[in-house]
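Engineer: Turn this into a structure:
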Amino acid sequence: MARNRTIYNVLALYASQVAPTGQQTGVGAIQQLSRVQSFDEDFSRSFTDVNQYGNLASIDRLEVEAPTVNASFSYYLTDGLNERLLGLTTATTGSASNASIISGLLTKATDEKNYYLMIADEGNDAAGYLKSRTGVIAVGNGFITSYSVSAAVGDIPTASVDLEGLNIRIYNDINNVSGTVGPGINASNGQLLTGVKFSLPAATSMTGANIPNALLPGDIVFTPTGLLGFDATDLKVQDFTLTMDLARTPLQRIGSRFAFAREIDFPLTATLEMNAQVGDIGSTGDLSSLLCDTNLNNFTITMRKPACGGTGANALTYEFKGAKLTSQNFSSSIGDNATMSATFEVQVGSAQQTDRGIFLSGSYNPPPTPQGA
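Structural biologist: As a prediction, this is how the structure comes out:
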């Protein structure tokens with residue numbers, strides 16, 4: 001029977017390793033991402049015309065480079081488990097978050113992932129469903145190219161992720177008890193890794209005492225520092241966005257149609273942008289003094305679990321260390337509250353550089369060790 005439409009209740013998103021040493025059919029091999037709000041994927045192909053004297057039209061159109069696969073998705077922030085599953089270095093709450101958020105990406109331990117969008121049969125929720133007519137849209141060999149977090153008054157804090165991948169594979173039914181060949185490919189020749197099979201675990205609603213259903217803007221503790229002239233403790237922050245773009249260069253070589261690696265371009269600069277309603281002028285300051293200012297600004301953004309009185313335990317903490325103020329704006333008009341905006345930047349370093357960059361910790365329970373990891 002034909003499907004009339006596909007809507008959000010039949011979907012679930014998963015992430016896994018690309019080429020483990022064992023099959024991805026056991027507990028922990030593939031992990032479901034929680035609170036997903038959107039998912040998009042596309043690819044584009046580029047052809048080179050082969051022309052010659054004697055023919056007006058080209059005699060062929062060849063692909064000199066492999067197609068570019070792009071994907072993006074967003075989700076509500078919870079406890080840091082999603083970030084951990086995406087390959088970002090995420091300490092557990094209570095332990096020291098003293099390793100850069102990209103530490104695992106740099107060592108290649110967590111850089112490359114497969115992503116699976118499960119599509120349950122029409123009329124069923126994906127949560128609890130894994131039966132006949134379970135399809136999948138899969139992105140193979142995916143690399144994060146952007147990670148951003150935004151929070152605003154009146155909105156649920158959200159993360160957005162952009163990916164570049166090497167392959168897209170669509171399955172109309174993945175209910176094979178022995179597993180199904182995954183979307184990952186051998187980057188040197190573009191061939192499927194036929195020895196690596198996967199089997200998706202049944203999706204769940206991922207609710208309970210161990211994970212917040214969502215975080216609220218009223219439970220966020222964020223006090224900016226390093227502003228010119230404004231009393232940071234009296235600013236009424238309305239929204240902020242933390243962005244880390246990981247632009248990548250595909251490395252090519254003769255003998256391979258695919259890039260054998262997609263390396264992050266350095267230096268890697270992260271930004272923190274904020275908007276606030278203005279309270280008191282905090283102190284005397286002038287722009288010329290900033291030219292000699294060698295101080296670096298550290299921000300701690302703490303997101304607590306929802307609780308009466310804002311006393312919930314810490315769910316997610318971002319540390320933005322070693323930042324410099326790069327721009328500041330003041331705006332006022334009749335009928336509106338005076339506002340200011342500011343942008344800070346910092347370069348993200350390696351695991352050994354603990355005085356600057358982005359550091360992340362969450363209250364998640366560590367996932368099971370993936371089979372074959």
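
Engineer: which stretches of this protein have low pLDDT?
Structural biologist: For the chain, residues meeting the criterion pLDDT under 70 lie at 1, 19-22, 25-28, 94-97, 282-294, 368-373.

Engineer: Give me the helices and strands touching the helix ranked longest in the chain, please.
Structural biologist: The longest helix of the chain (DSSP state H) is helix 81-86. Packing contacts for helix 81-86, counted by 3 or more CB pairs under 8 Å, 6 or more residues apart in numbering; DSSP states H and E, involve strand 158-165, strand 357-362. (Glycine included, C-beta is placed from N, CA and C.)

Engineer: And stretch 41-59, what's buried?
Structural biologist: Residues of stretch 41-59 classed as buried by neighbour count (16 or more other CB atoms under 10 Å): Glu41.

Engineer: quick revisit: single out the most deeply packed of the helices and strands packed on helix 81-86.
Structural biologist: Compared across those, strand 357-362 shows the largest average neighbour count, a mean of 24 (mean count of other CB atoms under 10 Å).

Engineer: gap between whichever helix or strand comes after the longest helix of the chain and the chain center?
Structural biologist: Scanning forward in sequence from helix 81-86 by DSSP states H and E, the next helix or strand is strand 91-92. Remark: strand 91-92 is offset 17 Å from the chain centroid, using CA atoms, centre = their mean, to the nearest Å.

Engineer: Run through the bridge partners of the spatially most central residue of the chain.
Structural biologist: A centroid search over the chain (CA atoms, centre = their mean) returns Val161, at 3.4 Å, as the residue closest to the centre. According to DSSP bridges, the residues that bridge with Val161 are Phe73, Tyr147.

Engineer: wait, doesn't it sit right on Ile144?
Structural biologist: Yes: the pair Val161 / Ile144 is scored as a contact, 6.3 Å apart, by CB atoms under 8 Å.

Engineer: Residues in contact with both of those two, list them for me.
Structural biologist: By CB atoms under 8 Å, 6 or more residues apart in numbering, Val161 and Ile144 have these common neighbours: Leu86.

Engineer: how about the helices and strands packed on helix 81-86 in TSV, adding distance to Thr223?
Structural biologist: Output for these, formatted as TSV (distance: least, CB to CB, whole Å):
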stretch	distance to Thr223
strand 158-165	21
strand 357-362	17
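
Engineer: To Ala66, which of these lies closest?
Structural biologist: strand 158-165 (10.6 Å; CB to CB).

Engineer: Other residues contacting the longest helix of the chain?
Structural biologist: The contact list for helix 81-86, computed with CB under 8 Å, 6+ apart, reads 15, 31, 33-35, 75, 90, 113, 144, 147, 159, 161, 211, 360, 362, 364-367.

Engineer: May I have the secondary structure class of Arg133?
Structural biologist: The three-state assignment at Arg133 reads coil, by DSSP: H, G, I helix; E, B strand; the rest coil.
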